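Asker: The following block contains a protein sequence and its predicted model.
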Amino acid sequence: MTTAIAVEHLVKRYGVHAAVNDVSFEVQRGEVVGFLGPNGAGKSTTLRILVGFLGPTSGSARIEGHDVQADPHAAKAALGYMPEAVPLYGEMRVAEYLRFRAELKGVGRAARTAAIGRALELARVVDVKDTLIDHLSKGYRQRVGLADALVSNPRVLVLDEPTAGMDPNQIRDVRDLIKSLGGEQTVLLSTHILPEVEASCGRVVVIDKGRLVAEGTPSELGALRRPPRLELVLRGAPARGIIAASPFELVSDHDEGDARRFVLGTPKKDEDAAIEALVSELVGAGVGVRSVERGKASLEEVFASLTHAHEPEPAAEPEGGEAA
């Protein structure tokens, strides 16, 4: 696969404070990758460097092979960026604004109308294309910002909290759009809505206190932080006694119809063998085993276990011009 985004040993210091501290990761062409971190983790600083708003203290970032510092015009030409606070011209109508932005981004005159139409459709703002931006809700403004990022049909999209201010239906639409872009375009998605990441991203990068702390698919991260838990739905009086005599710790149990759900803490050693032995003994004693499920950590649980509360990163004015 071809690398679309490459971040290598990136460092950004504000005085003695390292907002980004030796961060390296790659996003392959066509991937949709979630970029996660608590407030102040260095996530926004990393994105600003990536799109050319800030210069790094050291290290490098490349978009489609173009160094964002040494070759900024080529890097920005391949990039569509949607910041969390989208800067819009409120006195312009939506289609008028997108035409202005398409021209700035170098979309040819002959292709401009089709490019604007595509962006309006994808961001689902066709119904407000003749509306003044100042008259739009926060959710619709965000969607106009998304249309702006899409209007030049860039190979790489960097989206920072794209669904902020949207209602649940709008969030679902944007989530489906992001997922559908994978394969054709590369997407780096920063968001605090973790179900959004689970639903649309094939891989996740987690940053905390300026450092990369984990990366992998959501299921791979979940496996790393899988809670030691086993859930069984059982029917039959001998179940409780068999569980009490086993190496499993009873965490909780409650009625579930004509059966009972048991939540067990699993032993630290030989977990698989212990589960097999327990189920075999239950079946042998005539207990009806309705289901056996190993506990699986949600992305929210993984995120909480990987990150810690800390001081927010210092604010900084963006350096350089607007990213394309």
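Answerer: Structure received. Residues are numbered from 1 along each chain as shown.
Asker: What helices and strands are in contact with the strand or helix carrying Val263?
Answerer: Assigned by DSSP states H and E, Val263 belongs to strand 259-265. If contacts are counted by 3 or more Cβ pairs under 8 Å, 6 or more residues apart in numbering; DSSP states H and E, strand 259-265 sits against strand 229-235, helix 238-244, strand 249-256. From N, CA and C alone the C-beta is placed, and that goes for glycine too.
Asker: check contacts around the residue most central in space within the chain.
Answerer: Centroid-nearest residue in the chain: Gly34, 2.7 Å away (criterion: Cα atoms, centre = their mean). Contact analysis of Gly34 by Cβ atoms under 8 Å, 6 or more residues apart in numbering lists 189-191, 196-197, 200-201, 203-205.
Asker: can you give me the helices in the protein?
Answerer: 43-50, 72-77, 94-104, 109-122, 138-150, 168-181, 194-200, 218-224, 238-244, 271-284, 299-306 (DSSP state H).
Asker: Compare these and give me the one nearest Glu231.
Answerer: helix 271-284 (11.3 Å; Cβ to Cβ).
Asker: Which other helices and strands does the closest one contact?
Answerer: strand 229-235, helix 238-244, strand 288-294.
Asker: Just the buried residues of it, please?
Answerer: Neighbour-count burial for helix 271-284, counted by 16 or more other Cβ atoms under 10 Å, picks out 274-275, 278-279, 282.
Asker: So which residues make contact with that helix?
Answerer: By Cβ under 8 Å, 6+ apart, helix 271-284 touches 228, 230, 232, 234, 236, 238-239, 242-243, 246-248, 266-267, 289, 292, 294.
Asker: most packed of the helices and strands packed on helix 271-284?
Answerer: Stretch with highest mean neighbour count among those: strand 229-235 (a mean of 19; mean count of other Cβ atoms under 10 Å).
Asker: Alpha carbons of that strand, as PDB, please.
Answerer: In PDB, the C-alpha atoms belonging to strand 229-235 read as follows (Å, rounded to 0.1, in the frame of the first residue of the first chain):
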ATOM      1  CA  ARG A 229     -14.800 -11.200  32.700                       C
ATOM      2  CA  LEU A 230     -17.000 -14.100  31.600                       C
ATOM      3  CA  GLU A 231     -20.800 -13.900  31.200                       C
ATOM      4  CA  LEU A 232     -23.000 -17.000  31.100                       C
ATOM      5  CA  VAL A 233     -26.700 -17.400  30.900                       C
ATOM      6  CA  LEU A 234     -27.600 -20.700  32.600                       C
ATOM      7  CA  ARG A 235     -30.700 -22.600  33.600                       C
END
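Asker: in its sheet, what does it sit against?
Answerer: Strand pairing for strand 229-235, determined by DSSP bridges: strand 259-265 (antiparallel), strand 288-294 (antiparallel).
Asker: Can you give the contact residues for that strand?
Answerer: With Cβ under 8 Å, 6+ apart, strand 229-235 has contacts from 248, 251, 256, 258-266, 275, 279, 282, 287-295.
Asker: report the angle between the axes of it and strand 249-256?
Answerer: Here the directions of strand 229-235 and strand 249-256 differ by 40 degrees (axes from the mean of the first three to the mean of the last three Cα atoms, to 10 degrees).
Asker: my read: Leu159 touches Ser190, true?
Answerer: Yes: contact criterion Cβ atoms under 8 Å: Leu159 and Ser190 qualify, at 6.8 Å.
Asker: for Pro87, phi and psi?
Answerer: Per-residue torsions, Pro87: phi -80, psi 110 (degrees, to the nearest 10).
Asker: Going forward, the N-terminal residue is numbered 669.
Answerer: With the count now opening at 669, the last piece we talked about shows up as Pro755.
Asker: What does the pLDDT read for it?
Answerer: On the pLDDT scale, Pro755 is placed at 91.
Asker: Burial check on it, number of neighbours?
Answerer: Number of residues near Pro755 (other Cβ atoms under 10 Å) recorded here: 8.
Asker: buried ones in stretch 871-885?
Answerer: 871-878, 880-883.
Asker: okay, the helices of the chain, which one's buried deepest?
Answerer: The most buried one of the helices of the chain (mean count of other Cβ under 10 Å) is helix 711-718, showing a mean of 25.
Asker: List the contacts of it.
Answerer: 673, 675, 678, 680, 687-688, 691, 703-705, 722-724, 729, 731, 736, 752, 826, 828, 856, 858, 875, 981, 984, 986.
Asker: In strands, which of the residues you listed fall?
Answerer: 673, 675, 678, 680, 687-688, 691, 703-704, 729, 731, 826, 828, 856, 858, 875 (DSSP state E).
Asker: Narrow those residues to those that are buried.
Answerer: 673, 675, 678, 680, 687-688, 691, 703-704, 729, 731, 826, 828, 856, 858, 875.
Asker: So which of the buried residues of helix 939-952 is the closest to Leu814?
Answerer: Ile943 (46.2 Å).
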